[in-house]
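return atomic coordinates for the entry below.
(chains A and B)
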Amino acid sequence: MGASSRRQFLKQSAAATAGMASWLSLGKAPAFAQKRELTFLSWNHFVPASDEELRKQAAEFGKQAGVSVRVDTIAHLQLPAKRAAEAQAQSGHDLLLTGGADPFLYENQLADVGDVIDDLGKKYGGWYPFAREGSHTGSGWRAIPWFWISFPATYNMTHLKKAGLEYPKTWDELLKHGKVLKKQGNPVGIPISHCADANTTFWSVTWCYGGKVLEADGKTPAINSAQTEKVIEWYKELYKDAMEPEVLSWDDASNNRFILSGKGSWIHNPISPYNAALAKQMPIADEINHHPSPAGPAGTHSAPPINSVAIWKFSKNIQLAKDFVKFLYQKENYDAWIVAANAFNHPPLKHFAEHPIWSKNPKFAMLPKEAEFAHERGWPAKPNAAVQLIQVNYILPDMVAKAINGMPTKRAIAWAEDQVKLAVQGKLETKGKA
Amino acid sequence: MAVGTRVLETVGRARPGRLARAREWWEQEHVFGYSLIVPALALIAGLVAYPFAMAIYFSLSDYWVGSPGSFVGLQNFRDILGNEIFRQTVSNSFVFTIIAVILKAVLGIWLAMLLFRPLRFKRLIRGAVLLPWVIPTALSVLAWRWMFDSLYSVVNWTGIRLGLMNPPGPNWLGMADYAMSAVIAVNVWRGLPFFAIIVLAGLVSIPREYYEAAEVDGASSWGRFRHVTLPLLKPVLAVVILFSTIFTFSDFNIVQVLTAGGPVNTTHLFATFAYQMGLTGGNLGQGAAVSLFLFPLLAAIVFIQLRYIRKE
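Numbering: from 1, shown residues only, chains lettered A, B, ... in the order given. From the prediction side, this is the model:
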């Protein structure tokens, strides 16, 4: 290669690099007009039409407020890492989807939203009790509950009818029915594995039997109790006489497949299998129905997934973000969004729960009521960092699985108690008491 | 090499202007050479060195997502050592890595020998062998998940039809030993092509004369393998085993998608447990400690093996 051609190459590439560098350092495409932008980080909703409606409303808000609103959605499993990265970098979106322990983990990073909470609560009949449990930290409201996902029981009417049974009102009854149903060839199913549903059901069952994992102070282990023992014995019997060993390997979709295959007779899950059966026009949709999450000696309690919206403290558009949230909660907008998600998004505000999409459908009618006995994980403790570790490390289903695999119940509980202690040791300083 | 004023003078140009002087400076060997290295260096510093240093810092602090922590020394390491799940993770990782690497080495050499033979459609077959390695792991493992599914397992269906299993067949992802076998099987399936292709490259480079000489001396095919192929493959094998050991120890996708560490943590590896602790659980300090725990050991393995290779 001659010297001149090398020189030419260098000149051209230097020019290109310089151009590129100035373009990159500006951080945006060169020719666009400046417009204030509000950004929202959410997940890919399980019902995609829900996100479409959200984007439509975001565009509408943008038009009214003279800004542009960008809604970014990512897979829900990527959300924790993305959130952590934004907190670390102190930059990113203005609003973000939160849930579980997030308002507590990011307590110091999230803007106070107490004014929005008061405003919306007054307007729409008040918040359900779980709203405060999950979004009010020691230093105030750190998130605005957005929607919760009902977690009723889903059952196959044909199988229960064949066995001459009504749907089970209590967990004890489920055990009794389950034994009959398994003999009939239609076992029931609750995952006892590393999946979110396994956690959800365990919390419901343990609360219904009067058990708890932590005391209300959020740091004293309370799992070592006669109630937990009872829960484990109940699980063991259910596993042996009413379920198949496959529940030990289930993921969050397995129980859907189990009921849709026509083999299973009963699962504890959101309404997604029914909606999937409807969407795919599977004949089994006619056989599927829902009933309220079962009760126990200590009443009815359930642990549905609860999602909220929060605003980063580092956002330069905090007021605008609050206005946007209020816009989303305007009656006509929230209603349209409920319809778009085909009844999947449940409102944390009482007035919205009266939407006809539930009351007019006998298979959905009982769903909004579940909000009254819903709690955040960890209850009576707040869903703090320790609860988060207990959840993500699947301590509770693993305790049950250990007992099922032959470990004496008391030893399994002692193992879980050790793990709860380790989680509490996490030493995360929070501002106020939970 | 340096193109300086002398060159310009010989060409008969006038006194160099400012631009020309800048060019002259730029084209000096040490300036030009180093500026070519700078981008790569910046990449390594930004994407490898910085995160690594941060990880070390995190592991020595009680850092939680969203709240900067303070220096706590080796407390995180003491804490994780006291955690039964972590001790289980350590033993899982060794079982997983040792069995998977041995299987990959033995099967890899075998596969390479098969591919080395004169075959029809040689190129096509060699290309096809690489497929498991080329497909994005998350996708292929999802397919494996279906094959091991508790309700619709095609593995069990086949086994039962062939009379090898009693219905309903093993609960692959629900029982500790089966789950570990499943995870190892998928890792071997995925890592085998890497082994085979590199060993194949090693085989190709062995001069034919050695085999001919061995044949003349009356060596059997096993003797030829034992005394010609294996010794000459040693350097290549050492490198592949080194890389494979590191890749296998740090595997994440396969376990995360197939079992999420279950049943009862019997398939957790360092990477999956660190992710669970640090990112989904929010305890960055302990998460970093989990992922760095093996670093000294791996560094030692690399050091010893590289020295050995150099000696050879």
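
the residue nearest the centre of chain B: what secondary structure?
By C-alpha atoms, centre = their mean, chain B has its centre lying nearest to residue B:247, at 2.3 Å. Three-state call for residue B:247 (DSSP: H, G, I helix; E, B strand; the rest coil): helix.

with adjacent residues omitted, what lies nearest to it?
Here the nearest residue to residue B:247 in space, its sequence neighbours aside, is residue B:191; by C-beta to C-beta, 6 or more residues apart in numbering or on different chains that works out to 6.9 Å. Using the backbone N, CA and C atoms, a C-beta is placed for each residue, glycine as well.

just confirm the one you found is within a strand.
No - using three-state DSSP, the assignment for residue B:191 is helix, not a strand.

check the gap between residue A:168 and residue B:79 for me.
Distance of residue A:168 to residue B:79, given as C-beta to C-beta, to the nearest Å: 42 Å.

same thing with residue A:113?
Separation of residue A:113 from residue B:79 (C-beta to C-beta) stands at 34 Å.

looking at the two, which is more packed in?
More crowded of residue A:113 and residue B:79, by other C-beta atoms under 10 Å in any protein chain shown: residue A:113, with 25 against 20.

wait, what's in contact with whatever residue of the stretch 1-150 of chain B ends up closest to chain A?
Proximity of the stretch 1-150 of chain B to chain A (C-beta to the nearest C-beta) peaks at residue B:150, 3.3 Å away. Going by C-beta atoms under 8 Å, 6 or more residues apart in numbering or on different chains, residue B:150 touches A:244, A:246, A:249, A:250, A:254, B:171, B:172, B:173, B:174.

spit out the contact partners of the fifth one.
This means residue A:254. Shown in contact with residue A:254 (C-beta under 8 Å, 6+ apart): A:189, A:191, A:195, A:246, B:149, B:150, B:151.

and for the third one, the neighbour number?
Okay, so that is residue A:195. Residue A:195 has 20 neighbouring residues, counting by other C-beta under 10 Å.

my read is that it contacts residue B:260, right?
Yes - using C-beta atoms under 8 Å, residue A:195 is in contact with residue B:260, at 7.0 Å.

could you list every residue that touches residue 266?
Reading this off chain A. Counting by C-beta under 8 Å, 6+ apart, residue A:266 touches A:153-156, A:160, A:168, A:174, A:177-178, A:181, A:188-189, A:259.

the chain in question should be chain B.
By C-beta under 8 Å, 6+ apart, the contact set of residue B:266 is B:88, B:92, B:176, B:179, B:180.

can you tell me the SS state at it?
Per three-state DSSP, residue B:266 ends up coil.

where's it relative to residue B:147, distance?
Distance, residue B:266 to residue B:147, by C-beta to C-beta: 20 Å.

can you tell me the SS state at the residue of the stretch 201-312 of chain B found nearest chain A?
Distances between the stretch 201-312 of chain B and chain A by C-beta to the nearest C-beta are smallest at residue B:262, namely 3.6 Å. Reducing the assignment at residue B:262 to three states with three-state DSSP gives coil.

can you pull the residues of chain B lying near chain A?
B:3, B:62, B:64-67, B:79, B:82-85, B:145, B:149-152, B:168, B:171-176, B:179, B:259-265, B:276-277, B:279-284 (C-beta under 8 Å from any C-beta of the partner chain).

now with 7 Å, please.
Counting by C-beta under 7 Å from any C-beta of the partner chain, the residues of chain B close to chain A are B:3, B:62, B:64-67, B:79, B:83-85, B:150-151, B:171, B:173-174, B:259-265, B:276, B:279-283.

from those, which would you call buried?
B:3, B:62, B:64-67, B:79, B:83, B:85, B:150-151, B:171, B:173-174, B:259-265, B:276, B:279-283 (16 or more other C-beta atoms under 10 Å in any protein chain shown).

what lies in contact with stretch A:47-63?
Outside of stretch A:47-63, the residues within contact range by C-beta atoms under 7 Å, 6 or more residues apart in numbering or on different chains are A:40, A:44-45, A:68-69, A:71, A:73, A:324, A:327-328, A:333, A:336-337, A:340-342, A:344-345.

of these, buried ones?
A:40, A:45, A:69, A:71, A:73, A:324, A:327-328, A:333, A:337, A:340-342, A:344-345.

so among those residues, where is pLDDT lowest?
Taking the buried ones among the contacts of stretch A:47-63 together, the minimum pLDDT is found at residue A:342 (85).

what are the phi and psi values for that residue?
phi 50, psi 50 (degrees, to the nearest 10).

so how far is stretch A:151-159 off the chain centroid?
Offset of stretch A:151-159 from its chain centre (C-alpha atoms, centre = their mean, to the nearest Å): 21 Å.

and what of stretch A:412-429?
On C-alpha atoms, centre = their mean, the centre of stretch A:412-429 falls 23 Å from the chain's centre.

relative to residue B:89, how far out is residue B:270?
Taken as C-beta to C-beta, the span from residue B:270 to residue B:89 is 6 Å.

who has more neighbours out of those two?
Remark: of residue B:270 and residue B:89, residue B:89 carries more neighbours, 26 against 22, as counted by other C-beta under 10 Å.

I figured the more buried one hits residue B:273, correct?
Yes - the pair residue B:89 / residue B:273 is scored as a contact, 4.7 Å apart, by C-beta atoms under 7 Å.

cheers, nothing more for now.
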